[in-house]
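Peer 1: sharing a model that was predicted from the sequence below.
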Amino acid sequence: MITLKDVSKEFTGKNKAVKAVDAVNLTIQSGEIFGIVGYSGAGKSTLVRMLNGLEKPTSGTVTLNDKIISTMSGQALRKERRAIGMIFQHFNLLWSRTVLENICFPLEIAKVEKTERIKRAKELIELVGLQGREDAYPAQLSGGQKQRVGIARALANEPQVLLCDEATSALDPQTTDDVLDLLVSINKKMNLTIVMITHEMHVVRKICHRMAVMDGGKVVEEGEVLSLFKHPAHPTTKRFIRQDSDPDSEDTDEVLRELLKTYPEGKLIRLLFHGGSAQAPVISHVSRSFNVDVNIIQGSMQSTQETPIGTLTIQLLGEEAAVEEAIKEFRVYRVEVEVLNDALQ
Amino acid sequence: MMPFNNGMILSVLADYTDFTEVRWPKVWEATQETIYMTAFSVSAVFILGILIGLLLFESRGKESLWARGSYKVVSFFVNVFRSIPFLILIVLLIPFTKAILDSMTGPTAGLPALILSAAPFYGRLVETGLREIDKGVIEAAEAMGASKWEMIWKVYIPESLPSIVSGITVTAISLVGYTAMAGVIGAGGLGNLAYLEGFQRNQATVTLVATVVILLIVFAIQFVGDIVVNKIDKR
């Protein structure tokens, strides 16, 4: 279990001090995949570096399994770091070493004997699916393969925690999905706690159990991924979720404003389906039962660790009372409804 | 101005090709002395330069008083010794050389000046090479719990090895040039041969032979350096 208590980090610049992390309290359970999202400059990189002592908090404590990381230094901290693996956006492999030698590197630091090192490295190569590439140099690998080496290297000393610093941000979508699948399978196989920081909401949505949203050094919202998707409270969370479900949200808003001008009496609503409601023919049922017309504007479907979720932006046209009834009916089917008329005007 | 004519060209050519002037055992001896001076000073410069480079790299931009102080001191000495013209340095060091070697002539007497002038230069090259190491790789090694010693042996040196090798190639070549200068004031070697027998006795062929041998040594160093860099650079 990782606990952050009132953790702040200030950097003293030339002219003024910058608070990169501001009074953060977080608890990350053992075995969970925890996502921290935020735009660049939100402080998430600094936060994750305090988990393995690469940065020292200005105040507050970071605890990993009852050991206070934030006050450790020297030999003790170096020893503790072996129990914390880390992977990076740009992989950070040693170009001078082959795949096998890169994976052996942390084992050398942990003073593992040579034959044992090679045996363990070969197992890890198999785990990440790089058989046959043992003797290749990083320069000969693709981005996805490099990150696999990074993961194998991070797992070499059988850590309890894996920190991922924008680990998929330099990869194409297909490779990102492969790497995420690998992380999920490792999480299940080894009961490994994974902390991911990213600016990509879809990464968190796909594999994380819980998440925190950071903005301006603070954690502004935290909770189960699904419940944050259903009821985001903070504007930053809302923006992240919106960008994920509708990458062209600006265009959609433009269309919605046009529609609102043409049909001022119609109700524009955004529906969020999840679990059973995603599979029932709710729209046509509501349309028929209440005699309302449905104009579908935008929709998408996404997977989360628990259940798929779908968003649909529609316009309801009809008698005002009937439209109100229709909205109530959606809620009966456990579909989240958000009326957009006011927000758009 | 006198017009060129065939007679002139032939007489110049004759000056350069009078191989009866050349005493080959002397040339061979001088070559050995040059190679000795170069090899010894390159080895010492290699070790000292890497130490200086690591010291500069490690203490640069750090906050602790000790690091800032040692950076200033090392940096100052590096800049001073790099700036003294070699010919002046060797003369300047005569009392020092006498004191430690009890002699001021012969190839060994050239070594202190050769090493002191080239080590700071090479140290700067090593520092530049170290600073080109990907900061992310250093961070990754730190995150794995590497100690300072492991960082140096497993990250800093292997990851900057092509710069370290190409740097020592450049340094070795300029050291060959310095040995010739040292030779003029008595350190032996091909520079000494060219000066004493070529210049003072007006035997242009000897100078030409010394030049060709020095060129061969320089080409050999460059050739080996390039091969090694190509072999170790896997980027």
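Peer 2: Perfect, I can see it now. None of these values were measured; they are calculated from a predicted model. Numbering: from 1, shown residues only, chains lettered A, B, ... in the order given.

Peer 1: any idea how many residues pack against residue 230?
Peer 2: Went with chain A since none was named. Other residues near residue A:230 come to 15 when the count uses other CB atoms under 10 Å in any protein chain shown. The way it works is simple: take the backbone N, C-alpha and C, and place the C-beta from them, glycine included.

Peer 1: please go with chain B instead
Peer 2: Going by other CB under 10 Å, the residues that sit close to residue B:230 add up to 10.

Peer 1: cool, and the one 5 residues further on?
Peer 2: For residue B:235, the neighbour count with other CB under 10 Å is 10.

Peer 1: just name the shakiest helix or strand of chain B by mean pLDDT.
Peer 2: For chain B, counting by mean pLDDT, DSSP states H and E, helix B:6-16 ranks last in confidence among helices and strands (a mean of 84).

Peer 1: which is the succeeding secondary structure element to it?
Peer 2: Sequence-wise, the next helix or strand downstream of helix B:6-16 (DSSP states H and E) is helix B:24-59.

Peer 1: would you mind listing what in the stretch 51-200 of chain A touches chain B?
Peer 2: Counting by CB under 8 Å from any CB of the partner chain, the stretch 51-200 of chain A comes close to chain B at A:52, A:54, A:75, A:77-82, A:84, A:86, A:88, A:90, A:92-97, A:105-106, A:108-110, A:137-139, A:157, A:163.

Peer 1: check contacts around residue B:217.
Peer 2: Contact analysis of residue B:217 by CB atoms under 8 Å, 6 or more residues apart in numbering or on different chains lists B:31, B:34-35, B:38, B:176.

Peer 1: give me the helices and strands touching the least confident helix or strand of chain B, please.
Peer 2: For helix B:6-16, the packing partners by 3 or more CB pairs under 8 Å, 6 or more residues apart in numbering or on different chains; DSSP states H and E come out as helix B:204-232.

Peer 1: quick check: buried residues in the helix it packs on?
Peer 2: If you call a residue buried by 16 or more other CB atoms under 10 Å in any protein chain shown, then helix B:204-232 has these buried ones: B:204-210, B:213-214, B:217-218, B:221, B:225, B:228-229.

Peer 1: and the helices in the stretch 101-250 of chain A, which stretches?
Peer 2: A:114-127, A:143-155, A:173-190, A:201-207, A:225-230, A:235-245, A:249-262 (DSSP state H, counting those that start in this stretch).

Peer 1: including distance to residue B:110 and mean pLDDT, could those helices go into a markdown table?
Peer 2: Output for those, formatted as a markdown table (distance: least, CB to CB, whole Å; pLDDT from 0 to 100):
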| stretch | distance to residue B:110 | mean pLDDT |
| --- | --- | --- |
| helix A:114-127 | 45 | 96 |
| helix A:143-155 | 49 | 95 |
| helix A:173-190 | 59 | 93 |
| helix A:201-207 | 64 | 93 |
| helix A:225-230 | 73 | 89 |
| helix A:235-245 | 69 | 90 |
| helix A:249-262 | 74 | 86 |
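
Peer 1: nearest to residue A:307, of these?
Peer 2: Each of the helices of the stretch 101-250 of chain A has some distance to residue A:307 by CB to CB; the shortest is helix A:225-230, at 6.9 Å.

Peer 1: who's in contact with that closest one?
Peer 2: By CB under 8 Å, 6+ apart, the list of residues contacting helix A:225-230 reads A:35, A:204-205, A:208-211, A:213, A:221, A:237, A:241, A:272, A:274, A:304-307, A:309, A:336.

Peer 1: so which of these are in strands?
Peer 2: A:35, A:210-211, A:213, A:221, A:272, A:274, A:309, A:336 (DSSP state E).

Peer 1: up against chain A, what does chain B have?
Peer 2: So far as CB under 8 Å from any CB goes, chain B lies against chain A at B:134, B:136-137, B:139-147, B:150, B:154-155, B:158-159, B:161, B:232, B:234-235.

Peer 1: kindly check the end-to-end length of stretch A:164-176 for me.
Peer 2: 13 Å (CA to CA, to the nearest Å).

Peer 1: quick check: buried residues in it?
Peer 2: Buried, per 16+ other CB under 10 Å, within stretch A:164-176: A:164-168, A:170-171, A:175-176.

Peer 1: and residue 175, what does it touch?
Peer 2: Went with chain A since none was named. A:142-144, A:147, A:168.

Peer 1: wrong one, I was asking about chain B
Peer 2: Contacts of residue B:175 (CB under 8 Å, 6+ apart): B:37-38, B:41-42, B:45, B:114, B:118.

Peer 1: just the buried ones from the ones in strands among the contacts of helix A:225-230, in ChimeraX syntax?
Peer 2: Buried subset of those, written as a ChimeraX selection, criterion 16+ other CB under 10 Å:
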select /A:35,210,211,213,221,272,274,309,336
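
Peer 1: with that, I have no additional questions.
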